[in-house]
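Colleague: sharing a model that was predicted from the sequence below.
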Amino acid sequence: MSDKILMKGNEAIAEAAIIAGCRHYFGYPITPQTEIAAYMAKKMPKIGGTFLQAESEIAAINMVYGVASAGKRVMTSSSSPGVSLKGEGLSYLAGSDLPSLIVNVQRGGPGLGGIQPSQSDYFQSTRGGGHGDYHMIVLAPASVQEMAELTVKGFELADTYRMTAMILADGTMGQMMEPVSLDLDVKPAPEKPWATTGTGMAREHNIVNSLSLVPEELEELNFKRYDRYKVIEENETMYEEYKVEDADIVLAAFGIAARVSKNAVDEARKMGIKAGLIRPITLWPFPKAPFKAAAEHAKAFISVELNMGQMIEDVILATESKRPVTLCNRAGGMIPDPKQVLNSIIEVNGGIQ
Amino acid sequence: MNYKRLTILCGHYGSGKTNIAVNMAYDLKNQRDNIAVADLDIVNPYFRSKDSQKDFEQRGIRLICSDFASSNVDLPSMPADLYSITDDRSLSVILDIGGDDRGAYALGRLRDAILAENDYDMYMVVNKYRPLTPDAQSTLEVMGEIEGACGIPFTGIINNSNIARETTAADVLETVGYAEEVGRLSGLPVVCTTVEDRLFDELKDKISPLFSLTLQAKLI
């Protein structure tokens, strides 16, 4: 019998979180991520975990803050408008150096928008989302299998660097069903000597807090945090390259857009156009190195996105503006089809030679 | 397949009800003229029978479905012509019900009329490869919840065990025993096993009855 099972992307995230040792989930329903909460509601009571439907997204993120302070693996999930509500909590988690996993299964915006897939929270995710100087580790899965694997990875990175990891998926990734192997590699969680677990009258009490009374100390905290971000940029950047080696036209795409782009690259190659694809898996830290290297041989770049052009700014920065970068996009819940991407490749290439 | 006037498809969320509903409608259309598909899914705004609307129109199959389905109006709503399912007895209907007990509540509204007429089959669609129904016992739990929600007893089991495009014939064969156990424990017949059309020839002599499915979902 196959060792795989058939799962929705949202279910894969929920099950992988449980496998990673998460026993605390707080959330508030919103399409297209509700299956995460529904799955947790069914499963958590059976394994001694906590599923709690909070009265709002804001309540849920603050419950995450509480459990994270106690050193336990914890998560919440939402979709775009709900993540905006969590913005304040994300900043407080960052200011308190707390590990947690946040899932955003994006839908079309701005505002209430719609329920169809989108990638228009790229800026919000990679630039913060809340106030203050901080980053989150942002992971962008492109298959149901990766939804599971990156969930485990997200918990590990969050614990290692004491910060929030975000799974940035979209409605398609959340809703699509694919075979998944749940034979996931889970490393034991690190010790958390800073957690507020009770002193047992044996040590000084720990304080988890984002308030600093002395500006010099707050500056120092920010410096230290950014030293840590530097280490993450050096060690944790993830990406996939597809036929980039000899490519004249290099596509940049993540998540569902990368799947569409891969098809377009294959079609372009059949026509004799040397196309390739760089798929960032971490959106922060952004994989600058492969773009910089590709800019040495590629004629041009195309950023394929389900938004009005957000990641394109990182592509321009990473290629140091050495080559033209154009946008191929749909917005508002629409997905570019491979033909649109192929046409964009042909146009940038100056036709078919 | 042999069809009663009403064929109701219920099951765990994501067990494959909609694909079966669409394919059964095509099969039923070959046998009868006046048929409809009723998309009564109040749980999932995506991947529903309404996605096949154009195909239905071309084939002369009526679609009974909420106007808001497959739109940005994320509302659990019922079709305006809901009662034609039970009032118009010249019509044969395939009913595609939302997943789990939550989906089956919508069906409860038609319970009295369906039981009074008593010309229905209600099938439990099962997939052993879904994470929350990996064995007969967990599947029976879901069955019980669905019956409790809609108040209509099941009449049979459809084994739709698959892992999408990676499914092999061996993967399907492995699940025959599981489906039979669900049948034995519930006292209901396994009315058929459903497989994607590419596997039909390989399995037709090994599993009976076997029903071929042309999948409607897009691959990206």
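Modeller: In hand now; what should we look at?

Colleague: from here on, contacts and neighbour counts on C-alpha atoms
Modeller: Noted.

Colleague: where does pLDDT dip in chain B?
Modeller: Counting by pLDDT under 70, the ranges of chain B that qualify are B:217-220.

Colleague: for it, which residues are neighbours of chain A?
Modeller: Within chain B, the residues that sit near chain A (C-alpha under 8 Å from any C-alpha of the partner chain) are B:14, B:46, B:72-74, B:129-131, B:162-164, B:166, B:170-171, B:174, B:220.

Colleague: output stretch A:265-275 as PDB, nothing but the C-alphas.
Modeller: Taking C-alpha atoms only, stretch A:265-275 is exported to PDB below (Å, rounded to 0.1, in the frame of the first residue of the first chain):
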ATOM      1  CA  VAL A 265       9.700  27.400 -19.000                       C
ATOM      2  CA  ASP A 266       9.300  23.900 -20.500                       C
ATOM      3  CA  GLU A 267       7.100  25.300 -23.300                       C
ATOM      4  CA  ALA A 268       9.600  28.100 -24.100                       C
ATOM      5  CA  ARG A 269      12.500  25.600 -24.200                       C
ATOM      6  CA  LYS A 270      10.500  23.600 -26.800                       C
ATOM      7  CA  MET A 271      10.400  26.700 -28.900                       C
ATOM      8  CA  GLY A 272      14.200  27.100 -28.600                       C
ATOM      9  CA  ILE A 273      14.100  29.900 -26.000                       C
ATOM     10  CA  LYS A 274      16.400  29.300 -23.100                       C
ATOM     11  CA  ALA A 275      14.200  30.000 -20.200                       C
END
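
Colleague: just the mean pLDDT for that stretch, thanks.
Modeller: Regarding stretch A:265-275, the rounded mean pLDDT is 98.

Colleague: out of the residues of chain B next to chain A, which end up buried?
Modeller: B:Gly14, B:Tyr46, B:Asp74, B:Tyr129, B:Arg130, B:Pro131, B:Asn162, B:Ile163, B:Ala164, B:Asp171 (16 or more other C-alpha atoms under 10 Å in any protein chain shown).

Colleague: closest to B:Asp100 out of these?
Modeller: B:Gly14 (9.2 Å; C-alpha to C-alpha).

Colleague: these two touch, right, that closest one and B:Gly99?
Modeller: Yes: using C-alpha atoms under 8 Å as the test, B:Gly14 is close enough to B:Gly99 to be in contact (6.9 Å).

Colleague: tell me how many other residues crowd B:Tyr3.
Modeller: Using other C-alpha atoms under 10 Å in any protein chain shown, B:Tyr3 has 17 neighbouring residues.

Colleague: so what's it up against?
Modeller: B:Leu28, B:Asp121 (C-alpha atoms under 8 Å, 6 or more residues apart in numbering or on different chains).

Colleague: so after the longest helix along chain B, what's the next helix or strand?
Modeller: In chain B, assigned by DSSP state H, the helix with the most residues is helix B:136-150. Using DSSP states H and E, the helix or strand that directly follows helix B:136-150 along the chain is strand B:156-159.

Colleague: residues of that next one that come out buried?
Modeller: B:Gly156, B:Ile157, B:Ile158, B:Asn159.

Colleague: gap between A:Phe26 and A:Ala54?
Modeller: 6 Å (C-alpha to C-alpha, to the nearest Å).
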